[in-house]
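Student: have a look at this prediction, sequence included:
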Amino acid sequence: MNKKEKAQVLDDLTACLTHSPISLFATFKGVKTPELFEAKKKIKAEKAAFQIVKKSLLKKAFQTMGIEAGSTEFWKGEIAALTSSNGDPVRLTKLLAQWGEQNKNIGIKGGFMLADKQWLDRKTIEIMAKLPGAKDLQAKLVGTLAAPLAHLAGVLNAVTVNFVLVLKALEENNKKSQATA
């Protein structure tokens, strides 16, 4: 790879990292190429990106972004980066956790929250993966907001139905009174 190609890869990597609210990093030693391609397809379907990165370029990308390089343990072994600009950081942690469950050769190295400029350890990422995603939380919020309205509609409907039933009973009572008179 020549200098121009490296510069382009660095620019692309930096762009991915700066547009992703969370960046996750994994090790993949022993994972076969077909499994990597399959994982890449699933990740791409979720509007996320998976790329195997050179450590030297990743360090330069972090420097460009003004981010400390992380622990020495982080830099051991291969590094794959998962990034997403879809706005749901929890979904990305779930993807990595699922991938790790399916293949025991996948290890979570850590992650980085862009807004806080804070490193995340493996344990934190595993906990985040168990949280509900943004869509789940939105659905719960809508359900919570809609429940009182549904109850109000039911109460109003019951009042209307009861009123109609009372009128019908009065009508029948009136007909009986006229028939006996």
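Tutor: Okay, I see it.

Student: report all helices and strands that the worst-scoring helix or strand of the chain on mean pLDDT contacts.
Tutor: Ranking every helix and strand in the chain by mean pLDDT, DSSP states H and E puts helix 134-180 at the bottom, with a mean of 78. Counting contacts by 3 or more Cβ pairs under 8 Å, 6 or more residues apart in numbering; DSSP states H and E, helix 134-180 packs against no other helix or strand. C-beta coordinates here come from the backbone N, C-alpha and C atoms, glycine included.

Student: please name the residues that touch Thr18.
Tutor: The contact partners of Thr18, by Cβ atoms under 8 Å, 6 or more residues apart in numbering, come to Met65, Leu114.

Student: how about the one 10 residues further on?
Tutor: Residues near Phe28 by Cβ under 8 Å, 6+ apart: Leu36, Ile52, Glu78, Ala80, Asn105, Ile106, Gly107.

Student: who touches Leu36 in this structure?
Tutor: Listed by Cβ under 8 Å, 6+ apart, the contact set of Leu36 reads Phe28, Ile52.

Student: who are the contact partners of the spatially most central residue of the chain?
Tutor: In the chain, the residue lying closest to the centroid (Cα atoms, centre = their mean) is Arg91, at 2.1 Å. Listed by Cβ under 8 Å, 6+ apart, the contact set of Arg91 reads Glu46, Ala48, Ser84, Gly133, Ala134.
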